[in-house]
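Predicted coordinates and the sequence they were generated for:
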Amino acid sequence: MLLQPSTRPQVGAQLAVLAAGIALGATAQEWQGTRCVLAALPPQALFEVSRSVDDFEAADLSWQPLRGDQNARTATQLGRAQKHSGEAALRVDYTFLGGRPLEYVQVTRPLEIPEPGLGLGFWVRTDGTPFPLRVRFTDTSGETHQLDLIDEPAPGWRFVAVALDGPGTAWGGDGNNRRDYPLKLAGICIDRTGVEYAGQGSLWIDDVGLVAKRQVPDTLRVATLGLRFGHVYEPGESVALRFTGQGQRVRWTATDDRGTACGQGEGPATGTEARFAMPVPGHYTCRVELLGDGGVLETQDFQAAAVPADTAARMSDFVGLNCHFGQNAYPLECMDLMRRYGIGRIRDEMGWVYVEKDKGQYALPDHLRKYLAHAAVLRMRPLVILDYHSPHYDQGGFPNSPEAVAGFANYAVNLVRLTQGTVNEVEVWNEWIGGCGMNGKPGDHGPEAYGRLLAATWSAVKAAHPGVTVVGVGGEYGKDCAQNVTRMIAAAGTASMDAFSIHPYRYPRAPEESALTAEVSGTVAAARAGGATAPAWITEIGYPTHRGQGGSTPAAQARHAVRTLLLLQATEGVQRVYWYDLKDDGLSREYNEHAFGLVHHQEYNCAPKPAMVAVSTFARLTAQAQVTGVRQLGEAYAVTYRQADGDVLIAAWTTSSEGTSLRLTGKPAAAWDMMGRRLPAGVTMPLALEPIYMQGNGIRLAE
Ligand SMILES: [Ca+2]
Ligand SMILES: [Ca+2]
């Protein structure tokens, strides 16, 4: 999941300048502008129809269902019972049988899209079943491109649309993953909600059109008093905001992450000020609406975290965060921000292509030197990935030849030498079999080829720097993970690594329903059976918050992050987790790779998502604590820790939204919710989807 530098957005230069020199926690009391997170607009606000394709008012129907072996049973007709416009709409009758490898509705008609810059949109009426809606096009080479429509499923008519130059998947044709125009519509696809989904019904489509992006007004500006990078405050502090916009009025409402109001107001479009207090830890949002003749013109969210000041002093040894300083895509202040949230471990990279610019000459370019120096100052503990190709070896492909393998090992040894004192841990490659970062470059990337690379790298690094931790396997993932890990370890030799790493992504599914611990335990057991004794490191796992397939709400990201960390820490053989990743890597609302962050992109001043506060709370409360057990009681889960002072800490939650309680023996001395707020402590504690923490001397789960 580490993207290539070429796909990285540029650092928001303006804000980087703005943020420069503003230390975290600075109290300079002057008004300073900050870009706020733009509210996710519905497709109607994002697109306008530029050319009608079909309003279904003509007598003949040009839309036909596909009847291939992947298609649900489908019939199309013009219907008059429902319509968005005129007298008629397209009625689609579907029957999903369930249990088939693939099953979807696809309806299509002849339609050519001559040039780039357009999108497809239409009105759809369903019963509210959250069917994923997609469009497929073929390009001139016959390559098929599939895109998710931007949709918020609900009963009744709604507009859905997508820009055809947006993120998508592709197969067939010339395989270049480029949309070579003109494109032809292959169909509108209505997918099932899950493999087991079975059912029949009707949905309606009307007013299909080619759409263009609408010009969205962008005049609302927010300034804050004493701007700080990342909008991190201490509980008890207040936020002051001032608004400017081209409209009539502004209206603001501040709430915490539970939806509890902390303030509201309204005033002229320019000059209105908002003030609200953040009395307790948590995540706070001030929603600002610019109002004009046409109602709400613009909506933005100022998001802030209230995190106890002692968080940085209580660093978790278990959890780290993935970053992209190595791709020059993160402002350096992000590192200070991590410290503020109590995270001292970074996983990043120092690519071969940068470090060995001239063959046999090793040096750190500026951007790597800067992040290394900043990590040293902040006493961060980086895990550095040794990764990807070098143009000097094997034609820039996977290092397979003896010369390339030796070249890679030399790069590893020299990188460790150049970073000595700060970097004590390296990981050999990232997602070798999956081909991450290689963009289809040639070479053998099977498990045995990796084993040879790891063995040579291990020997060379350990000979020169015996104290450095070498992590093998490089983040294997997928359905053959356990088997591939075993083969890699067998080829490298079981003693060729201090730890091995895997990437058990499963977003958007919850860790429990997707059997996270069973999967990880299975991989650990397979490695053990193969003779490896090294612990497992989860060097990537995460939940992106993009809109569309695979996306999670910010609230789900937060609770799944904490539950994942708790479950993994309680899994035998797992020593460490690096969450993916610290901040959003781009600004697209619909692209998963732009939305993994625990905080927003630097264009939004790295403002927190709720998950950042939740992970910070986990790190603070579990710091220096040892897991002593994990229990599942029906739909409830409880992870028990022993703290350094002998106290017991229990974290518990339920996977069902129904009311469940946890009974304890002994009354906790203190209890907190997932965001670090104090809760009333008792022997019976109500559970929710969001974990809670209970601490006390001798408390335990009642039988
Ligand atoms: Ca119509
Ligand atoms: Ca193509």
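Yep, it's here. Numbers count the residues shown, from 1 in each chain. Ligands and ions are numbered 1, 2, ... in the order given.

quick check: longest strand of this protein.
strand 199-213 (DSSP state E).

same for that one, what does it pack against?
Applying 3 or more C-beta pairs under 8 Å, 6 or more residues apart in numbering; DSSP states H and E, one finds that strand 199-213 contacts strand 47-54, strand 89-96, strand 119-126, strand 156-163. C-betas here are computed from N, CA, C, even on glycine.

Any chance of JSON lines for the ones you listed, columns distance to ligand 2?
Formatted as JSON lines, those follow (distance: least, C-beta to the ion, whole Å):
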{"stretch": "strand 47-54", "distance to ligand 2": "23"}
{"stretch": "strand 89-96", "distance to ligand 2": "29"}
{"stretch": "strand 119-126", "distance to ligand 2": "18"}
{"stretch": "strand 156-163", "distance to ligand 2": "17"}
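
between those strands, which gets nearest to Cys334?
When the helices and strands packed on strand 199-213 are compared by C-beta to C-beta, strand 156-163 sits nearest Cys334, at 29.5 Å.

quick check: mean pLDDT across that closest one?
The pLDDT scores in strand 156-163 average 95.

per-residue pLDDT, the spatially closest residue to Gly531 that is not a sequence neighbour?
Nearest residue to Gly531 in three dimensions, chain neighbours excluded: Thr494, at 4.1 Å (C-beta to C-beta, 6 or more residues apart in numbering). Looking at Thr494, its pLDDT is 95.

okay, now Arg576: neighbour count?
Neighbour count of Arg576, defined by other C-beta atoms under 10 Å: 23.

In what element of secondary structure is it found?
In this assignment (DSSP states H and E), Arg576 forms part of strand 574-579.

what's that strand packed up against?
Strand 574-579 sits against strand 319-322, strand 345-349, strand 536-538, helix 554-569, with contacts defined as 3+ C-beta pairs under 8 Å, 6+ apart.

ok, and what's touching that strand?
Here strand 574-579 makes contact (C-beta atoms under 8 Å, 6 or more residues apart in numbering) with 317-322, 345, 347, 383, 499, 520, 524, 535-542, 561, 564-565, 568-569, 598, 615.

Export that strand to CSV, keeping only CA atoms.
This file holds the C-alpha atoms of strand 574-579, laid out as CSV (Å, rounded to 0.1, in the frame of the first residue of the first chain):
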residue,chain,number,x,y,z
VAL,A,574,2.5,-10.7,17.5
GLN,A,575,5.0,-8.2,18.8
ARG,A,576,4.2,-5.0,17.1
VAL,A,577,1.7,-3.1,14.8
TYR,A,578,2.4,-0.2,12.5
TRP,A,579,-0.9,1.4,11.5
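
and the helix or strand that it is followed by, what does it pack onto?
Downstream of strand 574-579, the first helix or strand assigned by DSSP H and E is helix 610-622. Contact here means 3+ C-beta pairs under 8 Å, 6+ apart; on that basis helix 610-622 packs against strand 282-292, strand 295-306, strand 319-322, helix 554-569, strand 648-654, strand 692-696.

who touches Val211 in this structure?
Val211 makes contact with 47-50, 118-121, 161, 163 under the criterion C-beta under 8 Å, 6+ apart.

quick one: which of these is most hemmed in?
Of all the contacts of Val211, the most densely surrounded is Gly121 (28 neighbours; neighbours counted as other C-beta under 10 Å).

My understanding was that it contacts Val49; is that so?
Yes - using C-beta atoms under 8 Å, Gly121 is in contact with Val49, at 6.5 Å.

what's the model's confidence in stretch 124-133, averaged?
Per-residue pLDDT over stretch 124-133 has a mean of 93.

residues contacting the one residue sitting closest to the centre of the chain?
For the chain, the residue nearest the mean C-alpha position is Phe596 (1.8 Å; C-alpha atoms, centre = their mean). Phe596 makes contacts with 1, 542-545, 580-581, 584-585, as judged by C-beta under 8 Å, 6+ apart.

out of these, which touch ligand 2?
The subset of the contacts of Phe596 within reach of ligand 2, by C-beta under 5 Å from the ion, is empty.

The helix or strand where Gln77 lies packs against which elements?
Element membership of Gln77 [criterion: DSSP H and E] is strand 73-79. For strand 73-79, the contact count by 3+ C-beta pairs under 8 Å, 6+ apart identifies strand 64-65, strand 89-96, strand 104-108 as packing neighbours.
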